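Participant: A structural model of the following input is requested.
(2 chains)
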Amino acid sequence: MKIALSVKNVSKYFGDFKAVDDVSFDVEDGKFFSILGPSGSGKTTLLRMIAGFYTPSEGKIEIQGRDMEGVEPNKRPVNLVFQNLALFPMMNVYENIAFGLKRRGERGKVVREKVEMMLDRVGLPGFENRKINELSGGQKQRVAIARSLVLDPGVLLLDEPLGALDAKLRENMKVELKKLQAKVGTTFVYITHDQSEAMVMSDYVAVMNHGHFEQVNTPQNLYNSPASSFVAQFVGDNNKFIVKIQKDERGNFSAVTKDNLQFRLDKPYDLEGDNIFEMYVRPESIMINPKEDPNKINSIEVEVKAILFDGGNSRILVVPKNSEKEIMVSLPQNRKYDYLRPKDTIKIGWYHSASVCFKGTGERVYEEIE
Amino acid sequence: MKRSSKIKIRWGFIIFFVPVFLWLLFLLILPHIELLRMSFVGTDFYGKSGFTFENYWSFFKEPIYWRTFARTALYSITVTFLVLVIALPVAFYITKLAGTKIQGFLMILLLVPFWVSELIRVYGWIILLRESGAINYFLTKLHILREPIEMLYNDATMIMGLIYTNMLFMVIPIIGVMESLDDSLIEAAYDLGAKKTAIWAKIIIPYCLPGIMSGSIIVFMLVLGSYLTPKLMGGKNALWFTEQIYNQIITYFNWNQGAAFGFLLLLMSSLIIFVALKITRQKFTKVIK
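Facilitator: From the prediction side, this is the model:
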């Protein structure tokens, strides 16, 4: 497989601040690659280095096998879809899309044909003479993508282009963008802080934090086997427990919370130092009133604190007996648990293999209540 | 209840409208009507005054009049264009390249000359440029010039003076629009393969066109109507049309001829602005904002 974009040990300093810290990755031709990270993680800086607006302090960027050092943004085989789209307000849709072609010296019929074809592709046929301020958010989005795609770039860079859309439209555009990428076959490098966007669209996702990559993998693998505490918290939802891991005389590992709740673990951990770990269990892997073999699951008795109805994403908030720790549990979609009311006492449980522990770093993605 | 509030609104309107109306009526409309009347009045051979086109006719008969007129128009356009060429990079530097701290300082630098009256500024130029002036003194002292040369009283000096006097009125409106120009538009153009010239021609100038036009209108009007700078720096050969009007009214006491010239000047400036707006496809109301 051909490598469209290769980033090798790239770092970027702004004064003393290290915005991007020794990042390396390759993107294969025709893939949808996402960089997922909270704001301030350095993902936009990285993207702007690929586009050529910043020069890397260290390292090398290669696009289609060509070293990009010293190549100006207007000479690079990449195009960037800006966060605020940056459509030219004084031009109409046609002029916007034809802008790059004309800069290359293409004239006349070829330009018109290419623009028309591109507008067709993004589902806006006949929009040539519309003014930019007459377009809706989603239409602007498509024009911005068409304007870059029409140049047939080696890599298309997208800087959170869905950020400004409302939730419903964003859901739609996610699917459309994925379909469009499959249709045109251009390599996409997509930046976002929204884990759902990254998961739905991408072939590969890199999770970025404090300027470095925490993990690069397929969305499935990121979700199922996060490599770090940060990935566990940032990708998907997770219940976090601060635990102390112990090993019993038979060699089984178990985690104990400060409220003395004990959970079995199925994997061995390196025990040294204070043995304080962070344990993560996804709300969707917790079962309500489990009927499974009690030797295979951790089960605890809890009190229902609140029912958080959110359609397909409904959960209940429960608190174990003699504890303050709140646990999120996903509700299945079959309305089986409609009878649950706050203050009910139920049992919950999860397979030993459903939890994963990381050495405590004390870092939090978002402020959370302990 | 409803009625009283309606009356209140009317009163508010009247309070604001009346002074403006009176101002325009007594200081602008009435004098102009009087001037317009005067421009069509002439005295015949016997000293009897009556309606005539003679004042306008003499403008076309005397080459000195219409040549001065055409020269004034052409030079005003040239000066406006040159001011624009200088103002665009200045405005770009102030809005996009300079840091916020330096920005304020640069604006003050632009404004400071306008705390001094035009007359003093022109005299400043004269002190610098005249035959016995500062520049000639240093150039001869440094043996670059063997003997001092006269740098005043030619067209180039006059144009320079007019550019200097009117810079600010171009820079300020352009800064106004350029500040709202999103940097990402420039970056997007750059990313899409545009060179620097294309970014200026296709993005920055079209975006700033309303500011450019309002600045150009102000500068053009000011240059066209300027009197001191052309008179003091342009010397005898560099006649400006305003001087012709001045001469007619003050020197020859021929108010009728002066009034006709004044109207011709008004007509020309309106026509040129109209054409310029048509060419750039800008609306007057939008530009004036």
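Participant: Poorly predicted segments of the chain, please.
Facilitator: Let's take chain A. A:361-370 (pLDDT under 70).
Participant: Switch to chain B, please.
Facilitator: If you take pLDDT under 70 as the line, chain B has these spans: B:1-9, B:44-45, B:47, B:237-238, B:288-289.
Participant: That one against chain A: which residues are in contact?
Facilitator: Residues of chain B found near chain A (CB under 8 Å from any CB of the partner chain) are B:182, B:184-185, B:187-195, B:198, B:202-203, B:206-207, B:209. To be clear about C-beta, it is placed using only N, CA and C from the backbone, and glycine gets the same treatment.
Participant: Generate a PyMOL selection restricted to the buried subset of the residues you listed.
Facilitator: What follows is the PyMOL syntax selecting those of the residues of chain B next to chain A that are buried according to 16 or more other CB atoms under 10 Å in any protein chain shown:
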select buried, chain B and resi 184+185+187+188+189+190+191+192+193+194+198+202+203+207+209
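Participant: And the helices in the stretch 1-150 of chain B, which stretches?
Facilitator: B:2-24, B:30-39, B:54-61, B:63-92, B:100-111, B:118-129, B:134-141 (DSSP state H, counting those that start in this stretch).
Participant: ok, now the stretch 151-300 of chain A?
Facilitator: So, for the stretch 151-300 of chain A - with DSSP H, counting those that start in this stretch - the helices run A:167-184, A:195-201, A:219-224, A:229-234.
Participant: Just send the ones you listed back as JSON lines, with distance to B:Trp23 and mean neighbour count too.
Facilitator: Shown next, in JSON lines, are the helices of the stretch 151-300 of chain A (distance: least, CB to CB, whole Å; neighbours: other CB atoms under 10 Å in any protein chain shown):
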{"stretch": "helix A:167-184", "distance to B:Trp23": "53", "mean neighbour count": "15"}
{"stretch": "helix A:195-201", "distance to B:Trp23": "60", "mean neighbour count": "21"}
{"stretch": "helix A:219-224", "distance to B:Trp23": "71", "mean neighbour count": "17"}
{"stretch": "helix A:229-234", "distance to B:Trp23": "66", "mean neighbour count": "24"}
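Participant: can you redo the ones you listed as CSV with distance to chain B?
Facilitator: As requested, the helices of the stretch 151-300 of chain A are exported to CSV (distance: least, CB to the nearest CB, whole Å):
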stretch, distance to chain B
helix A:167-184, 17
helix A:195-201, 21
helix A:219-224, 28
helix A:229-234, 27
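Participant: a markdown table please, covering these and showing distance to B:Ser76.
Facilitator: Listed next are the helices of the stretch 151-300 of chain A as a markdown table, based on distance: least, CB to CB, whole Å:
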| stretch | distance to B:Ser76 |
| --- | --- |
| helix A:167-184 | 53 |
| helix A:195-201 | 57 |
| helix A:219-224 | 66 |
| helix A:229-234 | 64 |
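Participant: Domain ranges for the chain, per the record?
Facilitator: Just so you know, I chose chain A. A:3-227, A:237-359 (automatic domain parsing).
Participant: You answered for a different chain; I wanted chain B.
Facilitator: B:1-39, B:52-288.
Participant: Quick check: residues of the stretch 51-200 of chain A near chain B?
Facilitator: Close to chain B, as judged by CB under 8 Å from any CB, the stretch 51-200 of chain A has residues A:51-53, A:72-75, A:79-80, A:82-84, A:86-91, A:99-100, A:103-104, A:147-148, A:151.
Participant: And A:Val205, how far from A:Asn238?
Facilitator: Here the distance between A:Val205 and A:Asn238 works out to 16 Å (CB to CB, to the nearest Å).
Participant: my bad, should have said B:Leu106
Facilitator: B:Leu106 is 53 Å from A:Asn238, by CB to CB.
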